[in-house]
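**Q** Prediction below, plus the sequence it came from.
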Amino acid sequence: MKQKLNNYEFVCIFTQDTTEQIVRSTVSEYTQKIKEVGGEVTKTEFCGMRTFAYPIDKKKKGYYILLNLKMPADFVKKFDVFLKNDPTVVRFLMLHVDELDAKPSELLQQRHNLDTVYKAQIRSGKIYQQQPETA
Amino acid sequence: MSEELTTDSTGPAGAGAGTRMPTRSKRTFFKKRRSCPFSGPNGLKVDYKNIQLLQKFLSDSGKILPSRITAVSTKHQRHLSRAVKHARFLALIPYIAD
C-alpha cells in the first residue's frame, strides 16, 4: 500500500561553531533518511549565517537552512526525536503546509540582499573605514 | 466602490455656483476605508520568513499592532499573528525590542 505524503516546510538552525561543509553533510544525511522512508526533498536552501534577534543558549549567530519535504506523517515524530538529540542543532521548526513554494524563499533572498549591501559598502569604503588602525 | 460612485455622481450634479461649497465640505466625511493588504487576488502573502513584511505590522517594541490600525482582516490577522510567533521562535524577530 502506498503511503500518503504530506507537505512540510522545515527550517533548522545549526550552531555557529559548525562549518558550511558539516552543515551540508548533515543535510544530505537528513535527505537520505527521508528518502529511506519513502519521502522526498523538493527544495534545499542554505540561507547562511544570520545573527539572532536575541541570544539563544548564550550564542549570537546560527546557520539557517530550509527544506521543502514530502513525507509520511508518522515519520515526523521520529525525525523530531532525532533532531533533538543532535547537539549541533540549536532550533528547528517543522510546519505542515498545503502547498510548497518552489521559488527561493525570503530568507535566501535577504541573504543575497545583505551580500549586495555589504559589497556596496566595501566599494564605497564604509566598511573599510571601520577597520582598526593597528597596522 | 459604491461610495466612490455616489461621490462622483453628486460632483457634477452639485456643480452649481451656490451649492458647491456645502457639498465639498460634506464629501470630506466619506473617507475611503483602507482595505486589507492581504485580501484579494493581488493581496500579499503572509509568510513567517518575510521579516520586512512582518515588521510593518509590529510596533517599535515588537508587539503585534491591532488590526484596527493596520486594517488587516480578521482572518489574515490570525494568520499574521501565527507567522509573527513562528518568526520570533526562529529568532528572526525579537520577542521584546528595545
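**A** Right, received. Where do you want to start? None of the values given here were measured: they were computed from a predicted structure. Numbers count the residues shown, from 1 in each chain, chains lettered A, B, ... in the order given.

**Q** Run through who's touching the strand ranked longest in chain A.
**A** For chain A, the longest strand by residue count, based on DSSP state E, is strand A:40-56. For strand A:40-56, the surrounding residues in contact (Cβ atoms under 8 Å, 6 or more residues apart in numbering or on different chains) are A:5, A:13, A:16, A:20, A:23-24, A:27, A:30-31, A:34-35, A:59-71, A:90-91, A:100, A:102, A:104-105, A:107-108, A:111, B:88, B:91-95. Just so you know, the C-beta spots here come from the backbone N, C-alpha and C atoms, and that holds for glycine as well.

**Q** What subset of those is buried?
**A** A:5, A:13, A:23, A:27, A:30-31, A:34, A:61-69, A:71, A:90-91, A:105, A:107-108, A:111, B:88, B:91-93 (16 or more other Cβ atoms under 10 Å in any protein chain shown).

**Q** picking that back up, quick one: average confidence on the helix or strand just after the longest strand of chain A?
**A** Using DSSP states H and E, the helix or strand that directly follows strand A:40-56 along the chain is strand A:59-71. Mean per-residue pLDDT for strand A:59-71: 92.

**Q** what domains does the record give for the chain?
**A** Since no chain was named, I'll use chain A. Following automatic domain parsing, one finds the domains of chain A at A:6-100, A:104-135.

**Q** looking at chain B here, not the other one
**A** According to automatic domain parsing, chain B comprises the domains B:1-32, B:34-98.

**Q** now the end-to-end length of the last one.
**A** What that stands for is domain B:34-98. Domain B:34-98 has an end-to-end distance of 30 Å (criterion: Cα to Cα, to the nearest Å).

**Q** so does that domain get close to chain A?
**A** Yes. Using Cβ under 8 Å from any Cβ of the partner chain, we find that domain B:34-98 touches chain A at B:47, B:49-52, B:86, B:88-95.

**Q** okay, these in JSON lines with pLDDT next?
**A** JSON lines is the format used below for the residues of domain B:34-98 next to chain A (pLDDT from 0 to 100):
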{"residue": "B:47", "pLDDT": "92"}
{"residue": "B:49", "pLDDT": "92"}
{"residue": "B:50", "pLDDT": "91"}
{"residue": "B:51", "pLDDT": "91"}
{"residue": "B:52", "pLDDT": "90"}
{"residue": "B:86", "pLDDT": "95"}
{"residue": "B:88", "pLDDT": "95"}
{"residue": "B:89", "pLDDT": "95"}
{"residue": "B:90", "pLDDT": "94"}
{"residue": "B:91", "pLDDT": "94"}
{"residue": "B:92", "pLDDT": "93"}
{"residue": "B:93", "pLDDT": "93"}
{"residue": "B:94", "pLDDT": "94"}
{"residue": "B:95", "pLDDT": "94"}
